[in-house]
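Novice: Coordinates for the following, if possible.
(chains A, B and C)
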Amino acid sequence: MSCSPRTAMAEYNTNLRLKLPITCIVMEVIVIILFAVFVRYDTDTDARKWHKEKSHDNKSNYENDFYFRYPSFQDVHVMIFIGFGFLMTFLQRYGFSSVGFNFLIAAFSLQWATLMQGFFHGMHNGKIEIGVESMINADFCTGAVLISFGAVLGKTSPVQLLIMAVIEVTLFAINEFLVLSVLNAKDAGGSMTIHIFGAYFGLGVTRVLYRPNLDKSQHKNCSVYHSDLFAMIGTIYLWMFWPSFNSAITAEGDDQHRTAMNTYYSLAACTLATFAISAVVNHEGKLDMVHIQNAALAGGVAMGTAGEMMLTPVGSMVVGFLAGIISTLGFKYLTPILEEKFHVQDTCGVHNLHGMPGVLGATVGTITASLASAEVYGEGMKDVFPDIYEGKTTPFKQAMWQGLSMGVTMGIASIGGILTGLLLKVPIYATPPDTMCFEDNIYWEVCLCHRLFFFFNVHIIPE
Amino acid sequence: MSCSPRTAMAEYNTNLRLKLPITCIVMEVIVIILFAVFVRYDTDTDARKWHKEKSHDNKSNYENDFYFRYPSFQDVHVMIFIGFGFLMTFLQRYGFSSVGFNFLIAAFSLQWATLMQGFFHGMHNGKIEIGVESMINADFCTGAVLISFGAVLGKTSPVQLLIMAVIEVTLFAINEFLVLSVLNAKDAGGSMTIHIFGAYFGLGVTRVLYRPNLDKSQHKNCSVYHSDLFAMIGTIYLWMFWPSFNSAITAEGDDQHRTAMNTYYSLAACTLATFAISAVVNHEGKLDMVHIQNAALAGGVAMGTAGEMMLTPVGSMVVGFLAGIISTLGFKYLTPILEEKFHVQDTCGVHNLHGMPGVLGATVGTITASLASAEVYGEGMKDVFPDIYEGKTTPFKQAMWQGLSMGVTMGIASIGGILTGLLLKVPIYATPPDTMCFEDNIYWEVCLCHRLFFFFNVHIIPE
Amino acid sequence: MSCSPRTAMAEYNTNLRLKLPITCIVMEVIVIILFAVFVRYDTDTDARKWHKEKSHDNKSNYENDFYFRYPSFQDVHVMIFIGFGFLMTFLQRYGFSSVGFNFLIAAFSLQWATLMQGFFHGMHNGKIEIGVESMINADFCTGAVLISFGAVLGKTSPVQLLIMAVIEVTLFAINEFLVLSVLNAKDAGGSMTIHIFGAYFGLGVTRVLYRPNLDKSQHKNCSVYHSDLFAMIGTIYLWMFWPSFNSAITAEGDDQHRTAMNTYYSLAACTLATFAISAVVNHEGKLDMVHIQNAALAGGVAMGTAGEMMLTPVGSMVVGFLAGIISTLGFKYLTPILEEKFHVQDTCGVHNLHGMPGVLGATVGTITASLASAEVYGEGMKDVFPDIYEGKTTPFKQAMWQGLSMGVTMGIASIGGILTGLLLKVPIYATPPDTMCFEDNIYWEVCLCHRLFFFFNVHIIPE
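Specialist: All right, here's what the predicted structure looks like:
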């Protein structure tokens, strides 16, 4: 079911035959060598060590971290591969690339993240020890890369995306180390480290890769009926499992429980706000699938920092409600301005879904931290704010570090994104020409029946 | 990608621009105020209280209710948002509304259910205390609303659906209180409180909203190839996670385990029955996707009451097998009679999937309760039938209460549905005209490419 | 929305009206009778027994096996029904059959597997005692049947598939007994018992059912754009939950934890290899969806035996990387040879995804077992290699049994498949004619709108 070659592609040298295999194999071999040298099982995954600890500390198998975190890990895993992957299938001719490249760069990023997060804040006696918690953290880091992918979707080759992933994961790990270990900020669900970082990094890249003539393929940057339903699969999975995402690495017990519940109510309120604003900003009062697919998720982003804190259920709802309003307004009014005035072409609108709600989440985290008190937290302060519990800091100082962390994250992400964009401009990565953006056909075998479908579109729709 | 307005819509005033935002925002603000006043973290989600209880009772973190119930909660959550949402995408031009309005009313209902279930049977010292178990119960109540949504699918505006949700959730909580707390019936998986209630409420509403000229849009009340595959996503998720649904709030230990397993075998037997009957009732011996999508699930509905009892694996299979037969026959023979003779237009056939199998489930629960004996249950009687264990009642009396509960539920649901239908007839809710039922275009921005698809259908298929 | 009968079908007697119902009902009634006689709740699902054991052994509810294994069970369940079901929807006109027959034969197989696995290696006092572990094992056995289904997809009637399931499940249980209980091999994730068995059984069947004129319907044996996206849903779910599959029945504690993590890294490395090889073998350097949908999963298959062993993370990656290379090369070069030279028409390429990676997995298991040492495993040897721990065998001997198990499995599967194929050739099962293979219309009511879609294809695409 082979397609004849298109001359356009040959001119732009988008042939992946050598570039992609070489990139994949070189990177995988490097990963394998580094794993061989540095990576070991941790106590909970090592046969000898776990049995020794069990008999030494009189532990039971159900105290293995697997039973506390593996269900959450699997929910996060679904968000990364199904959630992000299908959320991006809304483009009419770019479904294979959306879900396929999402798959490729996520599979690479989680390996690279294991190494980078290990190097920067997980070394024990010169080795990186891994288990379910490091797997969740690797998936989290991958999430940031996929957010950035959303900003450049349709305009980059898989080789560019892999190069971007190498750099972004590395900077993510450095920033995470600064925020969590140097500034001692709290950010279990990653409003800052994942969402702000991923969004502003991606915006930096897409700004540098600005294509003034992108409107040549603009008619393809459009959804069709079924592509929007595929995208809703992504949306709903992200929405449902966000409580697991935010609670996946919080402390065991009440912390995981509370974080999940706060996120659940935040998302519910956010959804009502999204439907309300989507109808009100449309001159016919019609709902827009783009808003429902994206802005309804902002309530999860905005709970990434404060979710584990004693924000109260009603506090979570108010945050979610605001996030939904801000995000929907962003899609309607800010995205066109960003493109026209600032030359930022943000394909999936990650600034609206991850950028602004991330800033809201970081701000809520700052405020909530400043209000922490022993009456409210009791002995639970030890889990949520250990430094306050131990008297090393005050709620006000903790809030200062939270706020500073937001600024640091935005700075590292933006500058890192711009520098990465410059690197990706070098014309050696099989980048698509303007006329072939948002087009699976350039990188995938697409069968005859599919071409028929293209044929109809191209000739019947006035461009 | 904006579509030009259609005059038909303007005449019927289906513009949502003010009506939907006002409804959403007013309702969300009321919810937020009531949460602020009444809702608090329970012991397992509150930092101070959990740590106090832990040190007082020498508990460990793994005894937090989160670890017993959160995986089940997430499975239920998937059923509510993916399962119900995609099950209804079978209509060819109503996929956005099916999954989108499912999303909207579920997000609202779970908030409102937290309040109503709290008010009627969850107050502690004037406050509603919430955790994972209340989240599951809120999702359960949402399930009943979505069942009713299935009955009126395609014929109602989102404003009507939200009004319906407000009333239905309230009556659900009242009925649940009567059945579980006054009559002391057992119904952990909700054969009565969820399925019978949701189905007969929905049938009541759709009876009052009867449209004699609905055949004007009848050609749209049809599936297409890919819409049926989307619907199968919903079906399979409901089918797979029904064991988690029925066991989500049963007692910990053997009860959750047994309920899940009984449901697993009931569904398996039901599927065989559904395929058998689907082929035999078709004059060409062909299978009908509608049966497979729906009737194969009846085995889960029918285990909602007796699932936690010592029904035995083979008993579960027999119940599932019967449920599959009844449900498939209902889709084939009863649905047309309901529409023609009784003017009940049941879009998704909820009477066949939830109504009759719910009655079967309640009946099986009644019989199984009457057979409860100390030899079979041992000390486990305490979990399943605490009143029998404590000598407060006998198996025969318990069975009487079970049977009475079914009647009470049917009565409250039917009358509530009819009254709600009358309220929804008031022409202020942006209701679609007969010609625009089953049509996304009326409430959603649908892009040009989609209209092209319509164009072909409209002109080529003889209507 | 009924379709007029096609004469072609009448001639070949593909009418299911009596054949399918009779098969389903007879088989279900036999299952029900056998369940009534032989199947009972086990200690963890029986009210009396669990409560007795709890008070006797001073156990807590969280020690019920449900909490250790039910989340893994649900992940496996998703793989069986969504994963396998949607993976096979890639055929353009066979989506209903792919997901529908997958549903039917899986629902039957899990019941039959409960009985057969019970008879051959699970009897206690003349009864089969069941709980979550037997449910996982039943789903595993179902997986093997679905692999074989992939080999014959599009060319068999549902009656044939059910007959095949009866025989295959029985032989599966016998082989499993030989491998795990007689030869005492380890194979927790089923590289041998599930993947090699399912693949070679299916290849045996499809060899005997060889259709020299299958090219008459060859133009239907093709994917379309959206069918490939549906298939990616199956792929991604299989990929994400494979760590749960391999770890579902390993020992509690470090074993489950380690197995899941090894599989996670194996799959990640496999994905990079798949993308690399897919691009390099295409003369335009384009990626092929068939490779991504299938070969990226080979890393899970290849970890089915050694996943629980102390293979190290880097060892897992190397295995996954090799599996991806072998599998992709198989799809490109071996599948055409198998069809042309050996008359093996392997619709889904199960030889590439399950056959060869299964052999790789069994080989890796053999090597890893031969290297087992007390220094590496410590007291954990008791869980992974109890016979070595107890001194009953040596690592070298264990490796011999592992290797022998692979051979036994290949032999039983191949011969069993060939004999089953001979039985299925008897022309009484409503088998489709060559011209109607890969065609839903023959067994399903397909609505007018769908026929319209066919109309376009048939007349516009040159065949």
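Novice: which residues of the stretch 151-300 of chain A score low on pLDDT?
Specialist: Residues of the stretch 151-300 of chain A meeting the criterion pLDDT under 70: A:216-222.
Novice: where exactly do the helices run in it?
Specialist: A:158-176, A:197-208, A:225-247, A:254-280, A:289-294, A:298-301 (DSSP state H, counting those that start in this stretch).
Novice: Relative to chain C, which of these is closest?
Specialist: helix A:225-247 (5.7 Å; C-beta to the nearest C-beta). No exception for glycine: its C-beta is placed from N, CA and C like everyone else's.
Novice: How many residues are close by the residue lying closest to residue A:131 once chain neighbours are set aside?
Specialist: The shortest distance from residue A:131 to any non-neighbouring residue, by C-beta to C-beta, 6 or more residues apart in numbering or on different chains, is to residue A:42 (4.2 Å). Counted with other C-beta atoms under 10 Å in any protein chain shown, residues neighbouring residue A:42 total 23.
Novice: Residue A:42: what's it in contact with?
Specialist: Taking C-beta atoms under 8 Å, 6 or more residues apart in numbering or on different chains as the contact definition, residue A:42 lies against A:49, A:129-131, A:134.
Novice: Selecting buried members of these in ChimeraX, what would you type?
Specialist: Selecting only the buried entries of the contacts of residue A:42 in ChimeraX, with 16 or more other C-beta atoms under 10 Å in any protein chain shown as the criterion:
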select /A:49,129,130,131,134
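Novice: got TSV for the contacts of residue A:42, with secondary structure too?
Specialist: Below are the contacts of residue A:42 laid out as TSV (DSSP: H, G, I helix; E, B strand; the rest coil):
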residue	secondary structure
A:49	helix
A:129	strand
A:130	strand
A:131	coil
A:134	helix
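Novice: Would you check which pair of the contacts of residue A:42 lies furthest apart?
Specialist: Pairwise distances across the contacts of residue A:42 peak at 15.3 Å for A:49 and A:134 (criterion: C-beta to C-beta).
Novice: And the helices in the stretch 351-463 of chain A?
Specialist: Using DSSP H, counting those that start in this stretch, helices in the stretch 351-463 of chain A cover A:356-370, A:374-377, A:381-384, A:386-389, A:395-425, A:448-460.
Novice: Just give me the lowest mean pLDDT stretch among those.
Specialist: Note on the helices of the stretch 351-463 of chain A: lowest mean pLDDT is at helix A:448-460, with a mean of 38.
Novice: Could I get the pLDDT score of the most centrally placed residue in chain A?
Specialist: Nearest to the mean C-alpha position of chain A, by C-alpha atoms, centre = their mean, lies residue A:143 at 3.0 Å. For residue A:143, the model assigns a pLDDT of 98.
Novice: Same check on residue A:312?
Specialist: In this prediction residue A:312 is given a pLDDT of 97.
Novice: same check, this time on residue A:91
Specialist: pLDDT recorded at residue A:91 is 88.
Novice: neighbours around the nearest residue to it once chain neighbours are set aside, how many?
Specialist: In space, and not counting its chain neighbours, residue A:91 is closest to residue A:438: 5.5 Å by C-beta to C-beta, 6+ apart. By other C-beta under 10 Å, 23 other residues sit near residue A:438.
Novice: Residue A:438 is in contact with residue A:90, isn't it?
Specialist: No: if you go by C-beta atoms under 8 Å, residue A:438 and residue A:90 don't touch, sitting 10.8 Å apart.
Novice: OK, contacts around residue A:405?
Specialist: Here residue A:405 is in contact with A:178-179, A:183, A:185, A:187, A:192, A:362 (criterion: C-beta under 8 Å, 6+ apart).
Novice: And residue A:393, by the same measure?
Specialist: Contact analysis of residue A:393 by C-beta under 8 Å, 6+ apart lists A:184, A:387, A:401.
Novice: Okay, and the residue nearest to the centre of chain A sits in which element?
Specialist: helix A:132-152 (DSSP states H and E).
Novice: hang on, the earlier thing: dihedrals phi and psi, the residue nearest to residue A:91?
Specialist: In terms of degrees, to the nearest 10, the main-chain angles of residue A:438 are phi 60, psi 40.
Novice: what do you get for residue A:284?
Specialist: According to degrees, to the nearest 10, residue A:284 has phi -100, psi 0.
Novice: Number of residues surrounding residue A:17?
Specialist: Neighbours of residue A:17 using other C-beta under 10 Å come to 16.
Novice: So what's the residue count around the residue lying closest to it once chain neighbours are set aside?
Specialist: Spatial nearest neighbour of residue A:17, excluding adjacent residues (C-beta to C-beta, 6+ apart): residue C:285 at 3.0 Å. Using other C-beta under 10 Å, residue C:285 is surrounded by 20 other residues.
Novice: looking at it, residue C:285 is touching residue A:15, isn't it?
Specialist: Yes: look at residue C:285 against residue A:15 with C-beta under 8 Å: they come within range, at 4.1 Å.
Novice: Roughly how far does the closest residue to residue A:144 other than its chain neighbours sit from residue A:350?
Specialist: Spatially, and ignoring its direct neighbours in sequence, residue A:144 is nearest to residue A:198 (3.6 Å; C-beta to C-beta, 6+ apart). Per C-beta to C-beta, to the nearest Å, residue A:198 is found 7 Å from residue A:350.
Novice: overlap in contacts of the two?
Specialist: Taking C-beta under 8 Å, 6+ apart as the contact rule, the neighbours common to residue A:198 and residue A:350 are A:147-148.
Novice: More neighbours: those two, which one.
Specialist: Each of residue A:198 and residue A:350 has its neighbours counted (other C-beta under 10 Å); residue A:198 has more, 30 against 27.
Novice: surely that one meets residue A:147?
Specialist: Yes: proximity of residue A:198 to residue A:147 meets the contact threshold set by C-beta under 8 Å, at 3.0 Å.
Novice: what residues does the stretch 201-350 of chain A put near chain C?
Specialist: A:226, A:230, A:233 (C-beta under 8 Å from any C-beta of the partner chain).
Novice: from memory the last one sits against residue A:86, does it?
Specialist: Right, residue A:233. Yes: counting by C-beta under 8 Å, residue A:86 is a contact partner of residue A:233 at 4.5 Å.
Novice: Which of the two has more residues huddled nearby?
Specialist: residue A:86 (28 against 23).
Novice: tell me which element that one is part of?
Specialist: Element membership for residue A:86 (DSSP H and E) is helix A:84-87.
Novice: pull the CA atoms of that helix into CSV?
Specialist: Extracted C-alpha coordinates of helix A:84-87, given in CSV (Å, rounded to 0.1, in the frame of the first residue of the first chain):
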residue,chain,number,x,y,z
PHE,A,84,-1.2,13.6,25.9
GLY,A,85,-1.1,11.4,22.8
PHE,A,86,-4.7,11.5,21.9
LEU,A,87,-5.3,15.1,23.1
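Novice: which ones are touching residue A:395?
Specialist: Here residue A:395 is in contact with A:369-373, A:385, A:388 (criterion: C-beta under 8 Å, 6+ apart).
Novice: Now distance to chain B and neighbour count too, for those residues, in CSV please.
Specialist: CSV is the format used below for those (distance: C-beta to the nearest C-beta, whole Å; neighbours: other C-beta atoms under 10 Å in any protein chain shown):
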residue, distance to chain B, neighbour count
A:369, 14, 26
A:370, 17, 16
A:371, 13, 13
A:372, 10, 21
A:373, 10, 11
A:385, 10, 23
A:388, 12, 20
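Novice: And those, which is closest to chain C?
Specialist: Distance to chain C, by C-beta to the nearest C-beta, is smallest for residue A:385 among the contacts of residue A:395, at 28.9 Å.
Novice: rewinding a little: what angle do the helix holding residue A:143 and helix A:225-247 make?
Specialist: Interaxial angle, helix A:132-152 versus helix A:225-247 (axes from the mean of the first three to the mean of the last three C-alpha atoms, to 10 degrees): 140 degrees.
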